[in-house]
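> pasting the sequence and the predicted coordinates here, then a few questions.
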Amino acid sequence: MAILPVTLYGDKILRNKAKKLTEITPKDLQLIKNMFETMNNAYGIGLAANQVGSNKSIFVVDLSPLEDYKDEKPRIFINPQIIEFSQEKVAHEEGCLSIPDVRAEVLRPKSIKIKFKNISFEDCEIEAAEMLSRVIQHEYDHLKGIFFTDKIDPETQKKITPELNKIKKRKIEIDYPVTEKPVEK
């Protein structure tokens, strides 16, 4: 396994829509293993493939580092599609490995239903609520080229703009590997 450099806010790959997989190859399996290694190294709980320079429709989630989710198993989502959102919405602070040290309250549906392929490329469907729902929605947004910062109020967006500009220019200190220059793909 390898720890991959994380792409940062401003990198074009993060605004592109991910491409669906038609099969799982050994290269894809290695990417997924590396994504878990990268996410764990950076103390993350979710990571989309475009955050490590791949345009594939894959994200991984591992809530087990969180106190209330210690027994939660890591999850892999391939070609995900959220098919249902609850009417009830909940605000919660979010952060992102591609936007280090920036956090903001984001209003999201409390629960969702999602279809996806698993590691064996079998069709799956689950309902998710609370934190699992939030992390899935956050990573799913990445695959559509959307950041959590796109979903916050204009006043907060204005406040974090100087920090976002520093991230774009890589004028920040981070304790996990990031790409040295913007990833265009």
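On my side now, so go ahead. Numbering: from 1, shown residues only.
> pick out the residue nearest the middle of the chain.
With the centre of the chain defined as its mean C-alpha position, the nearest residue by Cα atoms, centre = their mean is Glu139, 3.2 Å away.
> show me what the helix or strand hosting that one is packed against.
Secondary structure assignment for Glu139, by DSSP states H and E: helix 130-143. When contacts are defined as 3 or more Cβ pairs under 8 Å, 6 or more residues apart in numbering; DSSP states H and E, helix 130-143 packs onto strand 46-48, strand 58-61, strand 75-85, strand 89-96, strand 99-109, strand 111-117. Using the backbone N, CA and C atoms, a C-beta is placed for each residue, glycine as well.
> show me how far the shortest one is from its chain's centre.
The chain centroid and the centroid of strand 46-48 are separated by 3 Å under Cα atoms, centre = their mean, to the nearest Å.
> and for the third one?
Averaging C-alpha coordinates over strand 75-85 and over its chain gives two centres that are 12 Å apart (Cα atoms, centre = their mean).
> hmm, who's touching it?
Where contact means Cβ atoms under 8 Å, 6 or more residues apart in numbering, the residues beyond strand 75-85 that reach it are 20-21, 24, 32, 57-62, 109, 111-119, 121, 125, 136-137, 139-140, 143.
> please point out which parts of it sit buried.
Applying a neighbour-count criterion of 16 or more other Cβ atoms under 10 Å, one finds 75-80, 82 buried in strand 75-85.
> please apply the same query to the shortest one.
Residues of strand 46-48 classed as buried by neighbour count (16+ other Cβ under 10 Å): 46-48.
> now the last one
Of the residues in strand 111-117, 111-112, 114, 116-117 count as buried by neighbour count, 16+ other Cβ under 10 Å.
> which residues touch the nearest residue to Asn40 once chain neighbours are set aside?
Residue nearest to Asn40 in three dimensions, not counting chain neighbours: Asp62, with 7.1 Å by Cβ to Cβ, 6 or more residues apart in numbering. By Cβ under 8 Å, 6+ apart, the contact list for Asp62 reads 36, 39-40, 45-46, 72, 74-75.
> on that earlier part again, His92: which of the buried residues of strand 111-117 is nearest?
Ser111 (13.2 Å; Cβ to Cβ).
> can I assume that closest one is in contact with Ala128?
Yes: because the distance of 6.5 Å satisfies Cβ atoms under 8 Å, Ser111 is recorded as touching Ala128.
> how about Ser86, phi and psi?
Comment: the main-chain dihedrals of Ser86 come out as phi -70, psi 160, following degrees, to the nearest 10.
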